[in-house]
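Enquirer: build me a model from this:
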Amino acid sequence: MCKRLYLCLWGLKACVKALDFNDLENLGAKIILANTYHLYLRPNDEVVRTLGGLHGFSRFNGSFLTDSGGFQAFSLGGKPRENGIEFRSHIDGSTHFFTPKKVLDIQYNLNSDIMMILDDLIRLPAEQKRIADSIKRTIAWARESLEYHATRRESHLSNNIFAIIQGGVDLEARKICAFSGYRMQRSGI
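Expert: You can find the predicted model right below:
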């Protein structure tokens, strides 16, 4: 349960544009939202890992929340499949495939404090079948992610994992997705 609200700054590549870390400290920033997709492509999650994860890479002493990269794959015309999303890089046009496990592996390399699972984002307006498929796929990916994360937690990782709610603007569909995610073992939703 969230006991306190914090200013969460958007730092696409683990830094906040136009602000140095003294500025962030003066603002009371406790958390930065970094982008899994962009860090995966450049400089590359393996590079960030060798530099000590996001904290060592950026020298930010607060927490990092990393999204799954699903929105970027979606916005680049990504094609959802049952086991992941295929998309093309905005940098060089190369093809990539994100699965629930791959997204977590990237975020483990980044050593994110809060990791978001891969979800199937829909373009609105959407037909009911597409909404239902999105929810089904997002729940299945959440289950797969949580099972995989449970095996990795045995390695003494302290990363938290959060589920994502889908369902478009359909309140009942969002409730189904939310309650399914809520019933699963996870750090947050």
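
Enquirer: how about the particular helix or strand that has Tyr108 in it: buried residues?
Expert: Element membership for Tyr108, per DSSP states H and E: helix 100-110. Across helix 100-110, burial judged by 16 or more other Cβ atoms under 10 Å covers Pro100, Lys101, Val103, Leu104, Ile106, Gln107, Tyr108, Asn109, Leu110. C-beta coordinates here come from the backbone N, C-alpha and C atoms, glycine included.

Enquirer: Asn61: which of the residues you listed is nearest?
Expert: Comparing the buried residues of helix 100-110 against Asn61 with Cβ to Cβ places Leu110 closest, at 16.0 Å.

Enquirer: check contacts around that closest one.
Expert: Contacts for Leu110 were tallied using Cβ atoms under 8 Å, 6 or more residues apart in numbering; they are Ala34, Thr36, Leu39, Asp45, Val48, Arg49, Gly53, Leu54, Phe64, Thr66.

Enquirer: ok, 10 Å please
Expert: Leu110 is in contact with 14, 34, 36, 39-40, 45, 48-49, 53-55, 57, 64, 66, 159, counting by Cβ atoms under 10 Å, 6 or more residues apart in numbering.

Enquirer: next: Gln166.
Expert: With Cβ under 10 Å, 6+ apart, Gln166 has these contacts: 70, 119-122, 131, 133-139, 142, 173-174, 176-178, 181.

Enquirer: if we go to 6 Å?
Expert: Contact partners of Gln166, counting by Cβ atoms under 6 Å, 6 or more residues apart in numbering, are Asp119, Ser134, Ile135, Thr138, Cys177.

Enquirer: mind pulling up the pLDDT for Leu178?
Expert: Rather than Leu, residue 178 is Ala. Per-residue pLDDT puts Ala178 at 81.

Enquirer: whoops, I mixed them up, Ile114
Expert: At Ile114, the model reports a pLDDT of 92.

Enquirer: count of neighbours near it?
Expert: Neighbours of Ile114 under the rule other Cβ atoms under 10 Å: 19.

Enquirer: that one reaches Leu65, doesn't it?
Expert: Yes - taking contacts as Cβ atoms under 6 Å, Ile114 lies within contact range of Leu65: 4.1 Å.

Enquirer: in the longest helix anywhere in the chain, which residues are buried?
Expert: The longest helix of the chain (DSSP state H) is helix 128-153. Neighbour counts using 16+ other Cβ under 10 Å place 130-131, 133-139, 141-146, 148-149 of helix 128-153 among the buried residues.

Enquirer: same question for stretch 166-180.
Expert: Gln166, Gly167, Gly168, Asp170, Ala173, Arg174, Ile176, Cys177, Ala178, Ser180.
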